[in-house]
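Chemist: From the sequence below, what's the structure:
(4 chains)
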2 protein chains.
Amino acid sequence: MRPLSHPSIEDVQLEGILHALSDPVRVAIFTDIAGNDCAQTCSAFAQVNDKPIPKSSLSHHFKVLRDAGLIRSERQGVEMRNISRCPEIEGRFPGLLPAIINAHALQAGGKA
Amino acid sequence: MRPLSHPSIEDVQLEGILHALSDPVRVAIFTDIAGNDCAQTCSAFAQVNDKPIPKSSLSHHFKVLRDAGLIRSERQGVEMRNISRCPEIEGRFPGLLPAIINAHALQAGGKA
DNA sequence: TTCCATAGTTCGGATATGTAGAACTATTGA
DNA sequence: TCAATAGTTCTACATATCCGAACTATGGAA
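Modeler: Now for the predicted structure:
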């Protein structure tokens, strides 16, 4: 099992962020993590929008979010704690993540 | 040749927008169209970032942008005029496109 | 310690999506 | 009618995604 790698903030690309968040499961996971002060485990998202996510898929989704620079994951005992990198990204792309998070909320709200 | 179809604004999805703009060629095309008052033809983008784009690929990219609701294309004589749908989308997802366009500009600027 | 349970990762095969050359369609102008 | 230009569609191939199964890592219990 390779060690987790996180891109440095200068290497974070807009395209990578948009790609990572262009998946409904990932944008749901990310907005949840971004809106939560305390770190979230991967398995907290075994269900997303009432849909069960296989854990290999979940692991893949977290890797995409990590590689895009959106979250930071670190092992804590048997589980993995995930936190958003919003503040760093805000410095690089001001307003981007808030706008996406807001859009996601609007869409989810209008859907219900 | 099927008639061009454009989704109505209520059917525009955040995920579709992010997916469409997660490609470096498409985000370059879109920011150009969005920043230009006058409509742009498809073939205006035969080169993007000094890279030639085959016209079948270009056509595909425009279709993705259209399907995502980001642009409106209409035939005018022998060519196609493309305009952004920013104002409509601004009403649905406020601040989203400006933030993405700004991020793209920052990234392109920092790259040079 | 050994063993088991839990949390994630990796592998591998099926399926879906993207790329681009070639053939096609639509419009205009000679 | 014919040729030129602008885009689209077809098709084959390359790449990416999905998910079950097998694997690894950590911690706690026997």
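
Chemist: drop to CA atoms for contacts and neighbour counts, all remaining ones
Modeler: Fine.

Chemist: tell me which element the most centrally placed residue in chain A falls in.
Modeler: Centroid check for chain A by CA atoms, centre = their mean gives A:Phe30 as the closest residue, at 3.2 Å. For A:Phe30, the element it lies in under DSSP states H and E is helix A:24-34.

Chemist: Is any residue of that helix near chain B?
Modeler: Yes: counting by CA under 8 Å from any CA of the partner chain, contacts between helix A:24-34 and chain B involve A:Pro24.

Chemist: Give me the contact list for that helix.
Modeler: A:20-21, A:39-40, A:45, A:48, A:61-62, A:65, A:70-71, A:82-84, A:86, A:101, A:104, B:15 (CA atoms under 8 Å, 6 or more residues apart in numbering or on different chains).

Chemist: Tell me how far the helix or strand that that helix is followed by lies from the chain's centre.
Modeler: Sequence order places strand A:47-48 as the next helix or strand after helix A:24-34, per DSSP H and E. Offset of strand A:47-48 from its chain centre (CA atoms, centre = their mean, to the nearest Å): 14 Å.

Chemist: Provide the strand pairings for the following helix or strand past strand A:47-48, with the direction of each partner.
Modeler: Once strand A:47-48 ends, the next helix or strand along the chain (criterion: DSSP H and E) is strand A:51-52. Looking at strand A:51-52 with DSSP bridges, its partner strands are strand A:47-48 (antiparallel).

Chemist: mind listing the helices for chain A?
Modeler: For chain A, applying DSSP state H gives helices covering A:14-20, A:24-34, A:55-67, A:86-92, A:96-111.

Chemist: Which secondary structure elements does the fourth one sit against?
Modeler: Read it as helix A:86-92. Helix A:86-92 makes packing contacts with helix A:96-111 when contacts are defined by 3 or more CA pairs under 8 Å, 6 or more residues apart in numbering or on different chains; DSSP states H and E.
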